[in-house]
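**Q** Task: produce atomic coordinates for the following.
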Amino acid sequence: MSGAGPSFAADEPRGGVTASNWIARPALAWLLLAQLLLIAPHLRRLPLWLALVWLLCALWRVQVFRGLWPLPGRSIKLLLIAGGLAGIRLSYGGWVGLEPTVALLITGFSFKLVEASSRRDAYLLLFLGYFVALTEFLFEQDMGTALYLLLPVLLLTCALVALQEQEALRVSARPLRKAMALTVQALPLMLLLFLVFPRLAPLWQVPLPGAGPARTGLSEQMEPGSIGQLAQSDALAFRAQFHGAVPPRATLYWRALVLDSFDGRVWRAGPGSQRPMARQTAPGGAALEYEIYMEPTQRRWLYALERPVAIDARTELTEDYRLQARSPVFDRFFYRARVHPQAPLTDALSDQRQRFYRALPAQGNARARTLAQQLRAQTTSTRAFVERVLREFREQPFVYTLRPPPLAEQDIDAFLFETRSGFCEHYAGAFTFLMRAAGVPARVVTGYQGGEINSQNGSVAVRQFDAHAWVEVWLEDSGWQRVDPTAAVAPERIERDLESALAPGEFLAQAPFSAQRYRRFDWLNSLRLRLDELNYAWTRWVLNYRDDTQSDVLQRLLGEINPARVGALLVGGGALALGVLALLLLRRGAAPKPTPELRLYQRFCARLARRGYPRPPGMPPRAYARWLLAQQPQWQAINDITDCFEALSYRPLQARQRQLLLARMRRLLRDL
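**A** Predicted coordinates:
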């Protein structure tokens, strides 16, 4: 290389990419890793073919970088777009909805990786990656998700730094250090905006397509197997925080829906079930208050213990003594409630309503009707009849299981006289049928029973496998009374938990990696409860930081909330954060870091100094090279190193040219 300028033949166009638009190896490596981590959490809900599409696009991009494959032409791009749209249409049945939209975004995110032909495209791809990171919060908002997404966001920032500094040929930790520094510098301003910025309603408050019971929780109807299917999920339904001691687990019946219409197989909520109570009366007796942090259901029903009172402006009490929201719950919902557990539901029940709660189809399940009449004839009161039917469940060989055999067309008869195996919906439905067949007003109630009490913070976590169905029977002397036929067959389900009541291997059989299955290991269970405590704090202080909570915090900080004080806090806090950052940058600017070529040249001079040839102060690089060669003519690499250094320092070079020269200078220095 001595005596001639550096050669840049390696920078000729490769696969349609030139030195002016080349995406350097470090930027591409950070970008591919960030893409992988961004798409990974969506794989639970994306079709498998979309993951294969990304793998193909990543391979194509690598081959383009190596110069082995060309960039796609217009016809291939159109073919990819058409294939992606068709695949989404076939997988989801359409393009409208939250999941198809996210799948479409990730498809475009993958295709853009192949199509990117310039640094401008790379910047667009990075900014699209930040947006894809936000889409995971449309489905999961817990603390674990937030912590996980910090990693791909950090890697996207690394790619951004590497793209800005194109001189590096090798993947190093330097962009990572810079990205971490940028993130730390942004934290004060981020926290300030979190405290002050007003909370806006989420734009994604739309029902999820295809959301069934396993996703949204309970359904507005109940048939054999419906709640049993829900009990296979360990997803969180809601958390409760009591003001005071937590009531015994056996008393925690969280009412959600009242199903009072039966067509021979399915129990449904009858007409008018969502009608709010005209006038709410304050029941007597001791009151119990609590707060609920509820997961979105896309429905209006809420969860409350028996005999609730609506004390939150966003909730109301229905005529069948349920709490419901004034609008569907599309986002995490926080509300306060008060119950009077000792107060009976003794409001008058008209003759018309009594006939409604006795109604059954004109035909069907003849053996169950006969049994009801026989048992009713053996008793002298409605209360005694209820106890007699419960005794029938206790004495006959009924089995509580999540895997009951399929039932015949006459479900009630088949369950009571043939299979005698079922889950809570089987027992609640059969018991209600027997009551009505004997002329007793009765209805099915669905909701959740129990919950896991966290001894660390006193909260109660209620999960989908706590879903339950029971019965309310009308007694003339005391009104509606809760009767749980499941407790007669499997009392451990009510006193302890679902796992205790099932056969070994039945609990969460479809979720083998659920932490709930390993509660018998003390250390693992303790760790799980600690993490659950952190998630509860995250839900309460971060996800629920809106409306009243934000007002309370600002009230404590400012004394009085008004635009002038909020503006002063925002401007003052921002100025303070930016001022500290400016001081750090100015202090760092007093001693600028040497460029990569200068660091290499300084290392070159230090090596020669150790050999007894120190560079005199102020001597130019070219003069130093001539002086060295005059004493050691065989060291011809000195001229090559000096040529590279002068070219890097003084010549206008493209990014790719700088990369090649730096690599050559490192190699010469290593071989010196």
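**Q** Go through stretch 377-384 and flag the buried ones.
**A** residue 382 (16 or more other CB atoms under 10 Å). The C-beta positions use only the backbone N, C-alpha and C, and glycine is treated the same way.
**Q** from now on call the first residue 14
**A** Noted, 14 is the first residue going forward, which turns the last one into stretch 390-397.
**Q** Now do the end-to-end distance for that stretch.
**A** For stretch 390-397, the first and last residues are 11 Å from each other (CA to CA, to the nearest Å).
**Q** so where's the stretch 314-463 of the chain shaky on pLDDT?
**A** 357-360 (pLDDT under 70).
**Q** Now do the helices in it.
**A** 364-371, 379-390, 395-408, 424-427, 437-450 (DSSP state H, counting those that start in this stretch).
**Q** buried set for the fourth one?
**A** Think helix 424-427. 424-427.
**Q** As JSON lines, those with distance to residue 205 would be great.
**A** Formatted as JSON lines, these follow (distance: CB to CB, whole Å):
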{"residue": "424", "distance to residue 205": "60"}
{"residue": "425", "distance to residue 205": "62"}
{"residue": "426", "distance to residue 205": "67"}
{"residue": "427", "distance to residue 205": "64"}
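**Q** who touches the residue nearest the centre of the chain in this structure?
**A** Taking CA atoms, centre = their mean, the centroid of the chain lies closest to residue 153, which sits 1.2 Å from it. The contact partners of residue 153, by CB atoms under 8 Å, 6 or more residues apart in numbering, come to residue 54.
**Q** tell me the pLDDT at it?
**A** Note on residue 153: pLDDT of 85.
**Q** How about residue 90?
**A** pLDDT at residue 90 comes out at 91.
**Q** one step back: is it possible to get CSV of the helices of the stretch 314-463 of the chain that adds distance to residue 616?
**A** Below are the helices of the stretch 314-463 of the chain laid out as CSV (distance: least, CB to CB, whole Å):
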stretch, distance to residue 616
helix 364-371, 89
helix 379-390, 91
helix 395-408, 85
helix 424-427, 83
helix 437-450, 75
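**Q** Highest mean neighbour count out of these?
**A** Highest mean neighbour count of the helices of the stretch 314-463 of the chain: helix 437-450, a mean of 26 (counted as mean count of other CB atoms under 10 Å).
**Q** and the gap between the residue nearest to the centre of the chain and residue 279?
**A** Applying CB to CB, to the nearest Å, the value for residue 153 to residue 279 is 32 Å.
**Q** buried stuff in stretch 555-572?
**A** Applying 16+ other CB under 10 Å to stretch 555-572 flags 556-557, 563, 567 as buried.
**Q** Among those residues, which one sits closest to residue 495?
**A** Of all the buried residues of stretch 555-572, residue 557 has the smallest distance to residue 495: 31.0 Å, by CB to CB.
**Q** Hmm, the closest one is touching residue 347, no?
**A** Yes: counting by CB atoms under 8 Å, residue 557 touches residue 347, with 5.1 Å between them.
**Q** Name all residues that make contact with residue 644.
**A** residue 626.
**Q** ok, it to residue 621 distance?
**A** 11 Å.
**Q** still on that earlier bit, give the residues shared as contacts by residue 557 and residue 347.
**A** residue 306.
**Q** Looking at stretch 550-563 now, give me its mean pLDDT.
**A** Mean predicted confidence for stretch 550-563 is 79.
**Q** First-to-last residue distance for it?
**A** End-to-end distance (CA to CA), stretch 550-563: 15 Å.
**Q** neighbouring contacts of it?
**A** In contact with stretch 550-563 (CB under 8 Å, 6+ apart) are residues 154-156, 159, 207-208, 211-212, 252, 306, 345, 347, 470, 566.
**Q** quick one on the thing from earlier: take the buried residues of stretch 555-572 and write them to TSV, including secondary structure.
**A** Formatted as TSV, the buried residues of stretch 555-572 follow (DSSP: H, G, I helix; E, B strand; the rest coil):
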residue	secondary structure
556	helix
557	coil
563	helix
567	helix
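**Q** Is it possible to get a markdown table of those that adds distance to residue 163?
**A** Listed next are those as a markdown table, based on distance: CB to CB, whole Å:
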| residue | distance to residue 163 |
| --- | --- |
| 556 | 16 |
| 557 | 21 |
| 563 | 23 |
| 567 | 27 |
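**Q** Quick check: the farthest pair among those?
**A** So, the buried residues of stretch 555-572 by CB to CB: farthest apart are 556 and 567, at 17.9 Å.
**Q** Please give me every residue in contact with residue 463.
**A** Contacts of residue 463 by CB under 8 Å, 6+ apart are 262-263, 265, 475, 479, 481, 507, 510.
**Q** And residue 117, by the same measure?
**A** With the criterion set at CB under 8 Å, 6+ apart, residue 117 makes contact with 97-98, 101, 108.
**Q** Please tell me which one of these counts the most neighbours.
**A** Most neighbours among those, by other CB atoms under 10 Å: residue 101, with 23 neighbours.
**Q** which secondary structure elements does whatever helix or strand that one lives in contact?
**A** In the assignment (DSSP states H and E), residue 101 maps to helix 87-105. Packing partners of helix 87-105 (3 or more CB pairs under 8 Å, 6 or more residues apart in numbering; DSSP states H and E): helix 61-78, helix 111-128.
**Q** Deepest-packed of those helices, please.
**A** Comparing these by mean count of other CB under 10 Å gives helix 111-128 as most buried, with a mean of 19.
**Q** what's downstream of that helix, the next helix or strand?
**A** Immediately after helix 111-128, counting by DSSP H and E, sits helix 132-148.
**Q** which secondary structure elements does the helix with the most length in the chain contact?
**A** Longest helix in the chain, counting residues (DSSP state H): helix 576-602. Here helix 576-602 touches helix 187-209, helix 561-571, going by 3+ CB pairs under 8 Å, 6+ apart.
**Q** Swap in 6 Å and give it another go.
**A** helix 187-209 (3 or more CB pairs under 6 Å, 6 or more residues apart in numbering; DSSP states H and E).
**Q** So what touches the helix it packs on?
**A** Residues outside helix 187-209 that contact it (CB atoms under 6 Å, 6 or more residues apart in numbering) are 167, 170-171, 174-175, 583, 586, 590, 594.
**Q** Please indicate which of those residues are buried?
**A** 167, 170-171, 174-175, 586, 590.
**Q** Most widely separated two among those?
**A** Largest separation among the buried ones among the contacts of helix 187-209 by CB to CB: 175 and 586, giving 32.0 Å.
**Q** Local confidence estimate at the closest residue to residue 107 other than its chain neighbours?
**A** Nearest non-adjacent residue to residue 107, counting by CB to CB, 6 or more residues apart in numbering: residue 113, 6.3 Å away. The confidence metric pLDDT takes the value 92 at residue 113.
**Q** quick one: residue 113 and residue 105 touch, right?
**A** Yes: with contacts counted by CB atoms under 6 Å, residue 113 reaches residue 105, the gap being 4.3 Å.
**Q** For burial, what's the neighbour tally of residue 576?
**A** 7.
**Q** tell me the domain ranges of this protein?
**A** By the record's domain assignment, the chain is partitioned as 22-185, 226-539, 609-684 (automatic domain parsing).
**Q** export the ones you listed to TSV and tack on distance to residue 198?
**A** Formatted as TSV, the domains of the chain follow (distance: least, CB to CB, whole Å):
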stretch	distance to residue 198
domain 22-185	11
domain 226-539	31
domain 609-684	23
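**Q** ok now stretch 301-319, how far from the chain's centre?
**A** Offset of stretch 301-319 from its chain centre (CA atoms, centre = their mean, to the nearest Å): 20 Å.
**Q** Can you give me the buried ones in it?
**A** 301, 303-310, 312-319.
**Q** Tell me who's in contact with residue 403.
**A** residue 501.
**Q** measure it to residue 409 for me?
**A** 11 Å.
**Q** repeat for residue 302
**A** 42 Å.
**Q** Where does the prediction get shaky in the protein?
**A** Using pLDDT under 70, the chain drops low at 14-35, 179-182, 213-229, 285-286, 291-298, 357-360, 560, 598, 600-605.
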